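[1] Got a predicted structure plus its sequence, pasted below:
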Amino acid sequence: MPESIQVKPADLLIDEVNPRLAEPNAGQREAQRTLAKNQGKKILMLAKHILQHGLNPLEVPAVSRQADGRYIVLEGNRRLVALKALDNPETLIDAVTPRILSEIRKLSKKYQEAPIDFVDCIEVKDRDEIEPWIRLKHSGENQGAGVVRWGPDEADRFFNRGGLVKPHTQALDFLSKRGDLTAEARASLNTTTFERLIDTPEVRERLGLELRDRRLHLLADAGRVAGSLMYVLENLPPVTKLHTKDQRVKFADDLPKKFIIRPTIQSGSGIALMDADPNASPIPRKKVHRRPRQRLALIPSDCILNIRDNRTQAIEDELRRLRVERHPNAVSVLLRVFIELSMDCYITKWSLTTVDVHANLSKKLQKVADDLVKRNELTAHQGRAVNRAASADSFLAPSVLLLHAYVHNHGVFPAPGDLFAHWNTLQPFMTALWK
């Protein structure tokens, strides 16, 4: 079990095989400089936050003791680089811009007045002990197992605790309390667009709302106002069509007559939207069938791959971030490399004697798929899909020949739809391979 310890900053070492480092094991000084260079202004902002608030007690570094008594930081290397920069900014000369270095030097002078003597850490036996937690922290929400980031509504409430939430959030809360706006529908909204509309006086006027002392007030029956607000939410235009004041006024002018509210309450006398009766009967709504959000990256966020090989993991990260529509050539080549490196890692790990890393990709795919089926990590049906992809005469299935063509044939242009089909067919196989 991890144990809580305190370590002097000078006894903490940067993890030289940190995934943020493209070249591992380059030495402590180079690791520090590379991390600072890659992070740029982010290191400056982190150093500033440490100086103002201290080290984050919610995220203590995970460390492993070395033979010389010092500790490698397995998680928390950015904080360590920021701390070392505050202690000695001169180590970052030529690694960061002159402007950032100048700012860190100013922070360092204040830091030296009350430097951090000890860092609270958790000590683990080795890298494997902490690896599941590091992966969970840095690989997204993982269907709720990881950190679930706040949406705009939650962030708005947090920053306004003790005060008032923004007017558009007041309107959304009003509709949610009434039961007109479901949690699912609210989560899918573009709240930035809605906020721009509610912040426009001409829009509020046509919706029967008045803003006084940062509070929205009703100027008509709550049910009628709710109906108009729901119409707006169900017909939000793209944010690009609401950039200017004229565009937002036009939106207000183009509202259907039945959703334009004529005030029945005198200005200054209306009930605050936050105080409106939530038990009034919700307006009947037609079920809105929303299209599922379009997938942008090749590897979907809910696909879990437990990759430990640094190079392969770096390519996986790029395939999760690059938009297929914008970068089909880059994605197609990376996919081809990613598949072959994955095969090589599996062959080496399980010491497959029926194939080696120098075999062609088709043979590797077939032998690895057969081995996964044999180990009951892949069904026979899923194994056949991989074998079809590896066959030279594969037609509709994503073929190895086509993957090769992405790299070697200047007349082949990868289509985003084909790339998604490749991955969808191979995903069960890749998930089982990296289980």
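    Thanks, I have the structure now. Residues are numbered from 1 along each chain as shown.
[2] what's the helix or strand where Gln32 lies in contact with?
    In the assignment (DSSP states H and E), Gln32 maps to helix 28-39. Residues outside helix 28-39 that contact it (C-beta atoms under 8 Å, 6 or more residues apart in numbering): 13-16, 18, 20-23, 26, 43, 46, 77-78, 81, 84-85, 91-92, 95-96. For glycine as for every other residue, the C-beta is placed from the backbone atoms N, C-alpha and C.
[3] Tell me the gap between that helix and the middle of its chain.
    Relative to its parent chain, helix 28-39 has a centroid offset of 24 Å by C-alpha atoms, centre = their mean, to the nearest Å.
[4] right, and the helix or strand after that helix?
    By DSSP H and E, the next helix or strand past helix 28-39 is helix 41-53.
[5] which residues in the stretch 51-200 of the chain form strands?
    62-65, 71-75, 119-123 (DSSP state E, counting those that start in this stretch).
[6] Turn the ones you listed into TSV, columns for mean pLDDT and mean neighbour count.
    Formatted as TSV, those follow (pLDDT from 0 to 100; neighbours: other C-beta atoms under 10 Å):
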stretch	mean pLDDT	mean neighbour count
strand 62-65	96	21
strand 71-75	96	21
strand 119-123	94	19
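[7] which stretch among the ones you listed comes nearest Asp246?
    With C-beta to C-beta, the closest approach to Asp246 among the strands of the stretch 51-200 of the chain belongs to strand 71-75: 50.4 Å.
[8] what angle separates the closest one from strand 119-123?
    Angle of strand 71-75 versus strand 119-123, following axes from the mean of the first three to the mean of the last three C-alpha atoms, to 10 degrees, is 80 degrees.
[9] Neighbours of the residue lying closest to Leu209 once chain neighbours are set aside, how many?
    Take Leu209 and drop its neighbours on the chain: the residue closest to it by C-beta to C-beta, 6 or more residues apart in numbering is Leu216, 5.2 Å away. Using other C-beta atoms under 10 Å, Leu216 has 26 neighbouring residues.
[10] what do you get for the one 4 residues further on?
    Using other C-beta under 10 Å as the criterion, Ala220 is surrounded by 17 other residues.
[11] cool, the one 5 residues further on as well?
    Residues near Val225, counting by other C-beta under 10 Å, number 23.
[12] Can you say which helix or strand has it in it?
    When secondary structure is defined using DSSP H and E, the element that contains Val225 is helix 222-234.
[13] Ok, Glu210 next?
    Secondary-structure assignment from DSSP H and E places Glu210 in strand 209-212.
[14] what's the spacing between whichever helix or strand comes after that strand and its chain's center?
    Counting by DSSP H and E, the next helix or strand C-terminal to strand 209-212 is strand 215-218. Counting by C-alpha atoms, centre = their mean, strand 215-218 is centred 35 Å from the centre of its parent chain.
[15] Using PDB, list the CA coordinates for strand 215-218.
    Taking C-alpha atoms only, strand 215-218 is exported to PDB below (Å, rounded to 0.1, in the frame of the first residue of the first chain):
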ATOM      1  CA  ARG A 215     -31.500  38.500 -11.800                       C
ATOM      2  CA  LEU A 216     -33.900  37.500 -14.600                       C
ATOM      3  CA  HIS A 217     -37.600  38.400 -13.800                       C
ATOM      4  CA  LEU A 218     -40.800  37.200 -15.400                       C
END
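[16] buried stuff in it?
    216-218 (16 or more other C-beta atoms under 10 Å).
[17] just checking, what packs against that strand?
    Judged by 3 or more C-beta pairs under 8 Å, 6 or more residues apart in numbering; DSSP states H and E, strand 215-218 is in contact with helix 167-178, strand 209-212.
[18] picking up where we left off before, beta-bridge partners for the residue nearest to Leu209, please?
    Residues in a beta bridge with Leu216, per DSSP bridges, are Leu211.
[19] Report the separation between it and Ala389.
    Distance, Leu216 to Ala389, using C-beta to C-beta, to the nearest Å: 57 Å.
[20] in this structure, which ranges drop under the pLDDT threshold?
    Within the chain, the ranges that satisfy pLDDT under 70 run 150-164, 278-293, 392-398.
[21] residues in contact with the residue nearest the centre of the chain?
    The centre of the chain sits closest to Gly140, judged by C-alpha atoms, centre = their mean, with a distance of 5.5 Å. Under the criterion of C-beta under 8 Å, 6+ apart, the neighbours of Gly140 are 146, 301.
[22] now do Ile339
    361, 365, 403, 426, 430.
[23] what does the strand holding Glu210 contact?
    Contacts of strand 209-212 with the rest of the structure, by C-beta under 8 Å, 6+ apart, involve 167, 171, 198, 201, 204, 216-219, 225, 267-268, 270, 273.
[24] what about 6 Å?
    Applying C-beta atoms under 6 Å, 6 or more residues apart in numbering, the contact partners of strand 209-212 are 216-217, 219, 270.
[25] Same check on stretch 228-244?
    171, 175, 180, 190, 192-193, 196, 207, 247-248, 259, 261.
[26] tell me which of the residues you listed is nearest to Arg295?
    Asn190 (18.0 Å).
[27] Can you tell me, leaving aside adjacent residues, what's nearest to that closest one?
    Leu236 (5.9 Å).
[28] Count the residues that sit near that neighbour.
    A count of neighbours around Leu236, defined by other C-beta under 10 Å, yields 18.
[29] can I see the domain layout of this structure?
    For the chain, automatic domain parsing gives the domain ranges 3-139, 152-275, 310-433.
[30] and Cys303, which of the ones you listed is closest to it?
    domain 310-433 (6.0 Å).
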